[in-house]
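Participant: Fold the following.
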Amino acid sequence: MPPTVRFGVVSVRVSEVTDFVSLGERWRDLEQRSDSSFFQSWTWVGCLAPERFSDAVLVEAVEAGHTVALGLFNRVTRGLGRSRLFLGENGTAELDCPYVEQNGVLTEAGRDAELTALCLRPLAAAHNVVLSGVGAPVRAAARLAADLVLTRRSQASPFVDLGAIRRFGGDYLVGRSANTRQQIRRSDRFYARNGPLRLERAESVRGAHAMLDRMAELHQAVWEARGKPGSFSAPFFRRFHHALIEVGVPRGEVALLEISCGETTIGLLYNFTWKGRMSAYQSGFTYQPGEAQAKPGLTCHHAAIGAALEQGLDVYDFLAGDDRYKRSLASQSQSQFWLEVGPFWSPRLLARAVVQRFR
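Facilitator: Model (predicted):
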């Protein structure tokens, strides 16, 4: 794989990373000129980066002396010397438990598909490249850049268009189904018996750490009762998100929200706020056994959506997953894809493509 490939006026360089601090400065500069998601920001990508990207490969597109695209990959070599490149991931279950979504090469605004295709082309000619949690523009770019494109899976990603709600009167509940409206109102009334509903956002790093720990306790209690480990059972998951709080809270990008009434905590939400979008990443709720009216998830997200409307945000995003509550609360949905791309001679991709075709 040549270190630099030229495509017209754009040069694409592939290099190793030795200085993550310097890379972070360049990344921050480009993200200001991009339409990136929070999962493409340096706050997320750079979190514990030397550990997550232990064999880092950087692809950079340069035009007229300016960086117009950056992609950070980790190289994993297993068996027979063949390597795979993972975009925004480590390539191991242990370190990828934070679960990336809305992933992609960081590009200048309005040039996502074009620049992503140019960046992927030299990589996919020599390696299998794993692209987890990417949108339709990245999938389209991958099809232009690689000989083989394997879609391992796809997931719906429901969201609420807050801008549309404002244009039609500002009442979020108006656009929901009659059943959803009834459930939310009944749940809100149930909790309001103990006092007015309150939404508190952690304003300090210390407060955010404490809220995350309380949320983790609620989250783990529910999943362990179901006989499952829960997200916070993975040590790296907890360590990653505490590190993320250290950077994200002061920048206003990480929002720990506690919804309560009187002395009762209804639930806590761990959300990200980025470029007009609030994304609901993780949660922990206090369930009321035997109380059919109590829907802590609905009440908590309803309160958070109201807060996002007040803040003037454009989207409340439930991220990937076709859960019933997400479909009920959302107004629209988009797809995310988990892809692996590479050259036509890749035995791994050829074998999987044949199996997929027969299925």
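
Participant: How is this structure partitioned into domains?
Facilitator: Using automatic domain parsing, the domain parsing of the chain gives 4-146, 159-333.

Participant: Provide a list of residues in contact with the residue nearest in space to the middle of the chain.
Facilitator: By C-alpha atoms, centre = their mean, the mean C-alpha position of the chain lies nearest to residue 101, the distance being 3.3 Å. By C-beta atoms under 8 Å, 6 or more residues apart in numbering, the contact set of residue 101 is 37, 39, 133, 157, 319, 320, 336. Quick note: C-beta positions are derived from backbone N, CA and C, even for glycine.

Participant: please redo it, this time with the cut-off set to 6 Å
Facilitator: The contact partners of residue 101, by C-beta atoms under 6 Å, 6 or more residues apart in numbering, come to 39, 133, 319, 320.

Participant: Now go through those and say which are in strands.
Facilitator: Members of the contacts of residue 101 lying in strands (criterion: DSSP state E): residue 133.

Participant: still on that earlier bit, JSON lines for the domains of the chain, including mean pLDDT and distance to residue 152?
Facilitator: Shown next, in JSON lines, are those (pLDDT from 0 to 100; distance: least, C-beta to C-beta, whole Å):
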{"stretch": "domain 4-146", "mean pLDDT": "95", "distance to residue 152": "9"}
{"stretch": "domain 159-333", "mean pLDDT": "95", "distance to residue 152": "13"}
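
Participant: Need the nearest residue in space to the residue nearest to the centre of the chain, chain neighbours excluded.
Facilitator: Of all residues not flanking residue 101 in the chain, residue 133 sits nearest, at 4.1 Å (C-beta to C-beta, 6 or more residues apart in numbering).

Participant: about what we covered before: out of the domains of the chain, which gets nearest to residue 349?
Facilitator: Between residue 349 and those, the tightest spacing by C-beta to C-beta is seen for domain 4-146, at 6.3 Å.

Participant: what distance separates the start and the end of that closest one?
Facilitator: End-to-end distance for domain 4-146: 18 Å, by C-alpha to C-alpha, to the nearest Å.

Participant: now do stretch 42-60
Facilitator: 15 Å.

Participant: starting at the chain centroid, how far to it?
Facilitator: Relative to its chain's centre, stretch 42-60 lies at 16 Å (C-alpha atoms, centre = their mean, to the nearest Å).

Participant: List the buried residues for that stretch?
Facilitator: The neighbour-count check on stretch 42-60 (16 or more other C-beta atoms under 10 Å) flags 42-47, 49, 52-53, 56-60 as buried.

Participant: Let me know the closest of these to residue 151.
Facilitator: For the buried residues of stretch 42-60, the minimum distance to residue 151 (C-beta to C-beta) is 21.8 Å, reached by residue 59.

Participant: Report the buried residues of stretch 237-248.
Facilitator: For stretch 237-248, by 16+ other C-beta under 10 Å, it's 237, 238, 240, 241, 244, 245, 247, 248.

Participant: TSV please, covering those residues and showing distance to residue 19.
Facilitator: TSV is the format used below for those (distance: C-beta to C-beta, whole Å):
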residue	distance to residue 19
237	27
238	28
240	22
241	25
244	21
245	25
247	18
248	22
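
Participant: And those residues, which is closest to residue 20?
Facilitator: The closest of these to residue 20 turns out to be residue 247 (C-beta to C-beta; 13.1 Å).
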